[in-house]
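S.K.: A predicted structure for the sequence below; I have some questions about it.
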Amino acid sequence: MATKEKAKPVEASRNGGAEPLGGLAKEQLHLMLYQMLQGRRFEEKAAEAYAIGKIGGFCHLYIGQEAVAVGAFAALRPDDYVVTAYREHVQALVKGMSSREVMAELYGRRDGSSKGKGGSMHLYSSKVNFLGGWGIVGGQIPLGTGVAFAIKYKGEDKVCLCFMGEAAVNQGAFHESLNMAALWKLPVIFIVENNRFGMGTAWERASSLYDISQKAAAYDMPSAVADGMDVLDMRRVTLEAVDRARKDKIPTLIEARCHRFMGHSMSDPVHGVYRTKEDVEQAKARDPIHTFIVQLRDGGVLSEEELKAIDERVQAECEDAAQFADQSPEPGIEELYTDVYRVENEHGRLFFDRKNRLET
Amino acid sequence: MATKEKAKPVEASRNGGAEPLGGLAKEQLHLMLYQMLQGRRFEEKAAEAYAIGKIGGFCHLYIGQEAVAVGAFAALRPDDYVVTAYREHVQALVKGMSSREVMAELYGRRDGSSKGKGGSMHLYSSKVNFLGGWGIVGGQIPLGTGVAFAIKYKGEDKVCLCFMGEAAVNQGAFHESLNMAALWKLPVIFIVENNRFGMGTAWERASSLYDISQKAAAYDMPSAVADGMDVLDMRRVTLEAVDRARKDKIPTLIEARCHRFMGHSMSDPVHGVYRTKEDVEQAKARDPIHTFIVQLRDGGVLSEEELKAIDERVQAECEDAAQFADQSPEPGIEELYTDVYRVENEHGRLFFDRKNRLET
Amino acid sequence: MAVITYREALNQAMSEEMERDPNVFLMGEEVGLYNGAYKVSKGMLEKFGEMRVVDTPITELGFAGLGVGAAMAGLRPCIEFMTHNFAILAWDQIFNSAAKVLYMTGGQYNCPIVFRGPTGAALQLSAQHSQALEASYSHFPGLKVVTPGTPADAKGLLKAAIRDDDPVIVLEAEMLYNLKGEVPDGDDFVIPLGVAEIKREGGDVTILTHGKMIHIALQASQKLEKDGVQAEVVDLRSLRPLDLETITQSIAKTNRAVYLEEGWTYAGIGATIVATLQEESFDDLDAPILRVFQADVPMPYAKGLERAAKPSADRVVDACNRVLYRNER
Amino acid sequence: MAVITYREALNQAMSEEMERDPNVFLMGEEVGLYNGAYKVSKGMLEKFGEMRVVDTPITELGFAGLGVGAAMAGLRPCIEFMTHNFAILAWDQIFNSAAKVLYMTGGQYNCPIVFRGPTGAALQLSAQHSQALEASYSHFPGLKVVTPGTPADAKGLLKAAIRDDDPVIVLEAEMLYNLKGEVPDGDDFVIPLGVAEIKREGGDVTILTHGKMIHIALQASQKLEKDGVQAEVVDLRSLRPLDLETITQSIAKTNRAVYLEEGWTYAGIGATIVATLQEESFDDLDAPILRVFQADVPMPYAKGLERAAKPSADRVVDACNRVLYRNER
Ligand SMILES: Cc1ncc(C[n+]2csc(CCOP(=O)(O)OP(=O)(O)O)c2C)c(N)n1
Ligand SMILES: Cc1ncc(C[n+]2csc(CCOP(=O)(O)OP(=O)(O)O)c2C)c(N)n1
Ligand SMILES: [Mg+2]
Ligand SMILES: [Mg+2]
């Protein structure tokens, strides 16, 4: 079967597969809707906070891509691992990080998941195995491969989802990692979020081959294409790969076709020479949340009241997260020198620094 | 046609193609035989010199792979470029460097092609466009791609052959370079010399996919497999790629299947746990020089006298090269600080060094 | 003299050199259609076309090496790294190829290439995006390194770098791109490599620095002036070649010095200058040379922590006072 | 105490730690079936099997990053680079991932990993294969760096590195692998990081050095002794953490010092130590601290040129005489 998979990319059917609504129970479907809405509202809040300077640095929004994370994670067990890049707020939330600790991290406060030392691009949680948040394009690919190596080494049956944007596919790290993952049969699923743009560069201007899933053939690795705007399709395709990884320790490359509704980061334009207004509009017309709501309504598992309730819960939660973050204190100056080394050896000088820095 | 090429790797016919002896004139055939013998004898001499300490450092012999260079270069014009790795003595000679300047470089002498500063792994000649000799595995691949970029930029109709060992294929530089070459349509031919071993690691232990030529599909690039033990087949396959690059600026990936008769370098074992004695013997049974001699004899274009004459000429030339190298003086101590910078700017200190070094 | 931004100065330098020499081209991520991640190459694609203003895939090692190969084949590439933090992926090609080509070929092939882009910290970009890497580059012979801190220096030094026949690393800064300043007119305004500039004269203490830190040094000198201390601010501008003459002359005058740099000090630029000066100006020094630099930690994200981690004018003032043995602690 | 080679000492260190902790594994090129390019891991594949002694493709960036990910997931990787020259390809993962994980995660994930392999020049391997890269590593906070120069130090420091919960760079040398020396018995012979060792006592001048240069320093001290000069040889052993106490104590005694290192001096280790000492031992120094190091050029291939480019005992003797103001030039 793995061999069949290798032969040609799985053609993703454009619905949740054979069973209606992926054969999921109402509770799970509502949870997924909740997660998508939570991600959307959370980032809208973050955008507001960024606009008034409460959040600094780079801030990359996931708006439009929510179905990818929610669908993919619906195929995971809580103890599975996730490694990803810098567009990761929503992935962090869906993996189980609290909106409070994430928002506080964006604000750079003491109660943030990294005590305010990491910021928007560097979210992590050892509690939920979210090894998150990396800023060097492609840098997380070998890391995710290493997590899968550790899983196999320890004889566990966990898997690791390793996310990347399509532009990261051109990095040497992608090539080196996929070869090792296939050669050593590591339980890792590489999910390429193909939103067609790397900052201002369209994929066709950066790669000589459009179909990313076909690149798996160079490593004799199974691959699949998923509709990243359809949370059920995303879950179905990921589930096949996760099973293969968990049971047979076979890695998979998944291309999730999706759309970025915003600019690359808060400081980049949504459209311009590099992308037409129409393109953005067409993308927004396929809003994954709207699509899912319609699917649920048609399936008769979502009433107006239920939707309203979920949305209100999400709104309240994001409000609370923002207030919590705002009230959380800045990290103390003494934190500057903590977490540089886990062990400050008894002997010798570790910091080549003016001793009085903390005083001045 | 390029598209057809892309579809599936060209299956290399195991002879010189339709026409007998590749339709080559006797003179050219004799030149090719001369080049193969010259390479063989030159390296046998180098091995002797290494054994008695006249050559130092690392020394990687090409013995067994002569047909790859001779066949490939027979498809080139003198003004075409070649970029390669550290196993390059024979490639340097066939591209047109003199056995004297190459041997003198191996000896580390003033008359060496790099004045003795480069040594065995770093042979170059601006006279014959041999941009040769690089020691970081995979490092030459972006360089060869850049040479092809320059050719296209200047509107020339030259091509660049970029050689690498099969183990270099796993480096990120390979992936990044092939994508750019295909994306920008650069006149470069990547020739992978698959001698099955990277030092002591067999290819199947280092790559999840055995057929290297298939990796071209990941870049939508034409590819071909050549019998690297058959100089005529090597020429035929390279010629197709060179034409495509020269006329249509389309790059090609060629996998040249060949065998290493010696150990990785002079200081490595020919066989051992990593490679059986039988494997080496079987390889030697397919000696490319012997094979070619038989082809020429059967074709009725090589008499015993002619063979003897060529071999004597080669022997004499290698003798002369060794003597020349031996008599060439060591580079003067003042050479230490030359060629670090082409321009020593009028102002400021460029070398942070004790001024009296040359005295002590 | 026109008043333009540091960004415009770089754009002018590249555009003028590309008009002057058809072999000069610009390559990097987003340099074309997007007009540059920081808009440094604004309008250049339109002006010079796709062959000379080349948008690359995100593949730093690959296009840096491609540039070196192109340089060996006769072109003069100007390679932009979106930031030098990402160039670490390409360091093998810079240190093992570009810096060594001329030597390993015995002078047959030189490598006229420029690797440019911002370095150091901007605002709250955290650890992976805030590294000042000049020391890492300066360590390797075969490379030249410049760090323009003003629009005029940006234009003059980048033009010199592009005209130079060796690999030159040009270190810019996000925080400087909007900085305005007077820049001499004329295509032939070139600042030779290896010439420091005294950005402020003073006789009491010498503040040695480079790159965007010169502005911190100038702030510090103003604070010191209120205190009756006249600091001389020496902007090295070029780290390799290095204008030691100007430095030693200033120290012969002030007998006291402080080195201010943005990056870490272990194996840093300041350490090198200090070690060289204690050797070559030993008798001119009345006090040790103190160094001011980034906290020896990865750059934190939080505003307050980042501020504390960066070198500040107050710290420079404090260091100057200490080498002057004033208000000792 | 058994007399074993530096190579055997490293092998013992890894083998003992792998027996002690099932999460420790060795990964790198040729470490398994081929028994190591320099035979350091001889017999380990047989002993520990393919999961714990892993032969990699030639893909330094990839397996270095894989190691960091594995460390975050609870393993303790020992990554071998065939030489650190090739590790430059992996520096992004070492500087941007390993060195910053703990900080960026706010202490949630540490990175207990060792990156080891030979550095510096062997014999006539020329420019790309002869670089001493300790300064480049020491520059980055988050990393620890050790440079064992004897079999005992090799075993003791590598064991400490493997047991340490932070990333540690271990810099070995081809030229030392065959060196024999006494090594204390027992699995628990560990040399703590950050402790220098006085390899030879003397009261006239201090030779500060690290790694394989200690042997050049000892040669020099013998030549000086014939001349009636007693040199003290201080082997730093660990560059980060750095035992400044032992260094300053020696200088307080001799008032004169020379720093000997194998690599380049610009942004080098010696420069850092000198700058630190002129600050912290200013009044103890009767002369500038001179540095002896590699010629500031890429390493040439030719025998004579290479010899001239490397630091030599004669140059150390000369430097010592100069700080002692003897036979001035
Ligand atoms: C090695 C490296 N090069 C460049 C950058 C700057 N950069 C940050 S994100 C980005 C675009 C990445 O696009 P993609 O991988 O498609 O992910 P997306 O932003 O679309 O989610 C670039 C060029 C970087 N962070 N790292
Ligand atoms: C980046 C890098 N890693 C490791 C090495 C050490 N090394 C030199 S050659 C070699 C094997 C390369 O094999 P292959 O590419 O197949 O070429 P071949 O030697 O067979 O011609 C290795 C591992 C190196 N020189 N560069
Ligand atoms: Mg994208
Ligand atoms: Mg090979």
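M.R.: Arrived safely, thanks for sending. If you're wondering where the values come from, they're calculated on a predicted model, not measured in any experiment. Ligands and ions are numbered 1, 2, ... in the order given.
S.K.: Would you confirm that residue C:27 contacts residue C:57?
M.R.: No: using C-beta atoms under 8 Å, residue C:27 is not in contact with residue C:57, being 11.2 Å away. (C-beta placed from N, C-alpha, C; glycine too.)
S.K.: Pull up the overlap in contacts between these two.
M.R.: residue C:63 (C-beta atoms under 8 Å, 6 or more residues apart in numbering or on different chains).
S.K.: can you tell me the helix or strand for residue A:57?
M.R.: Using DSSP states H and E, residue A:57 is not contained in any helix or strand.
S.K.: What sits closest to it if chain neighbours are left out?
M.R.: Of all residues not flanking residue A:57 in the chain, residue C:124 sits nearest, at 3.7 Å (C-beta to C-beta, 6 or more residues apart in numbering or on different chains).
S.K.: Low-confidence regions, the stretch 51-200 of chain C specifically.
M.R.: Scanning the stretch 51-200 of chain C for pLDDT under 70 picks out nothing.
S.K.: Tell me which stretches of chain A form strands.
M.R.: A:81-84, A:130-133, A:160-165, A:188-194, A:197-198, A:201-202, A:223-227, A:252-257 (DSSP state E).
S.K.: wait, does the first one contact ligand 3?
M.R.: What it means is strand A:81-84. No: using C-beta under 5 Å from the ion, strand A:81-84 never reaches ligand 3; the gap is at least 12.8 Å.
S.K.: Which residues does that strand contact?
M.R.: Residues outside strand A:81-84 that contact it (C-beta under 8 Å, 6+ apart): A:73, A:76, A:91, A:95, A:129-134, A:140, A:143-144, A:147-148, A:151, A:158-164, D:69, D:73.
S.K.: Listing partners with orientation, what would you give for that strand?
M.R.: Applying DSSP bridges, strand A:81-84 is found paired with strand A:130-133 (parallel), strand A:160-165 (parallel).
S.K.: Okay, angle between the last one and strand A:252-257 too, please.
M.R.: For strand A:160-165 against strand A:252-257, the angle by axes from the mean of the first three to the mean of the last three C-alpha atoms, to 10 degrees is 40 degrees.
S.K.: State the mean pLDDT of strand A:160-165.
M.R.: Taken as a whole, strand A:160-165 has an average pLDDT of 98.
S.K.: Also stretch A:263-281?
M.R.: Mean predicted lDDT for stretch A:263-281 stands at 95.
S.K.: Which residue comes closest to the closest residue to chain B within chain A once chain neighbours are left out?
M.R.: Nearest residue of chain A to chain B: residue A:172, at 1.5 Å (C-beta to the nearest C-beta). Setting aside the residues directly before and after it, residue A:172 is nearest to residue B:172 in space (C-beta to C-beta, 6+ apart), at 1.5 Å.
S.K.: Dead centre of chain C: give me the residue that sits there.
M.R.: Centroid-nearest residue in chain C, with C-alpha atoms, centre = their mean: residue C:147, separated by 1.7 Å.
S.K.: how near is that residue to ligand 2?
M.R.: With the distance defined as C-beta to the nearest ligand atom, to the nearest Å, residue C:147 ends up 30 Å from ligand 2.
S.K.: That residue: what's it in contact with?
M.R.: Going by C-beta under 8 Å, 6+ apart, residue C:147 touches C:134, C:171, C:210-211, C:236-239.
S.K.: just residue C:313 next, same as before
M.R.: C:216-217, C:219-220, C:223.
S.K.: Of these, select the buried ones using a ChimeraX command.
M.R.: To isolate the buried subset of the contacts of residue C:313 in ChimeraX, counting by 16 or more other C-beta atoms under 10 Å in any protein chain shown, use the following:
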select /C:216,217,220
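S.K.: Nearest to residue A:300 among the contacts of residue C:313?
M.R.: The nearest member of the contacts of residue C:313 to residue A:300, counting by C-beta to C-beta, is residue C:216 at 65.7 Å.
S.K.: Tell me how many other residues crowd the residue nearest to the residue nearest to the centre of chain C when sequence neighbours are not counted.
M.R.: Once flanking residues are discounted, residue C:147 sits nearest to residue C:211: 3.8 Å by C-beta to C-beta, 6+ apart. As a burial measure, residue C:211 scores 28 neighbours (other C-beta atoms under 10 Å in any protein chain shown).
S.K.: Tell me the confidence at residue C:211?
M.R.: 98.
S.K.: and the residue of chain A nearest ligand 4?
M.R.: As assessed by C-beta to the ion, ligand 4 sits closest to residue A:179 within chain A, at 15.9 Å.
S.K.: For that residue, list the residues it contacts.
M.R.: Applying C-beta under 8 Å, 6+ apart, we find residue A:179 in contact with A:219, B:170, B:207-208, D:57, D:59, D:62.
S.K.: repeat for residue C:216
M.R.: Going by C-beta under 8 Å, 6+ apart, the list of residues near residue C:216 reads C:209, C:260, C:311-313, C:316.
S.K.: same deal with residue C:70?
M.R.: Per C-beta under 8 Å, 6+ apart, neighbours of residue C:70: B:146-147, B:149-150, B:153, C:77.
S.K.: Could you give the number of residues near residue A:28?
M.R.: Here the number of neighbours of residue A:28 (other C-beta under 10 Å) works out to 14.
S.K.: My error: substitute residue A:338 in the last question.
M.R.: Neighbour count for residue A:338, taken as other C-beta under 10 Å: 17.
S.K.: pretty sure it is touching residue C:305, no?
M.R.: No: counting by C-beta under 8 Å, residue A:338 stays clear of residue C:305, with 10.5 Å between them.
S.K.: Quickly list what the closest residue in space to residue C:1 that isn't next to it in sequence is bridged to.
M.R.: Excluding the flanking residues, the one nearest residue C:1 by C-beta to C-beta, 6+ apart is residue C:182, at 4.4 Å. Beta-bridge partners for residue C:182, by DSSP bridges, are residue C:3.
S.K.: Repeat that for residue C:76.
M.R.: residue C:24.
S.K.: ok, it - contacts?
M.R.: Contacts of residue C:76 by C-beta under 8 Å, 6+ apart are C:21, C:23-25, C:112-114, C:162.
S.K.: Residues of the stretch 201-329 of chain C that sit close to ligand 1?
M.R.: Residues of the stretch 201-329 of chain C lying close to ligand 1 (C-beta under 6 Å from any ligand atom): none.
S.K.: before we move on, what about chain A?
M.R.: Within chain A, the positions adjacent to ligand 1 are A:87, A:135-137, A:165-168, A:193, A:195, A:197-199, A:264 by C-beta under 6 Å from any ligand atom.
S.K.: between those, which is nearest residue B:52?
M.R.: Each of the residues of chain A next to ligand 1 was checked against residue B:52 using C-beta to C-beta; the closest is residue A:136, at 49.4 Å.
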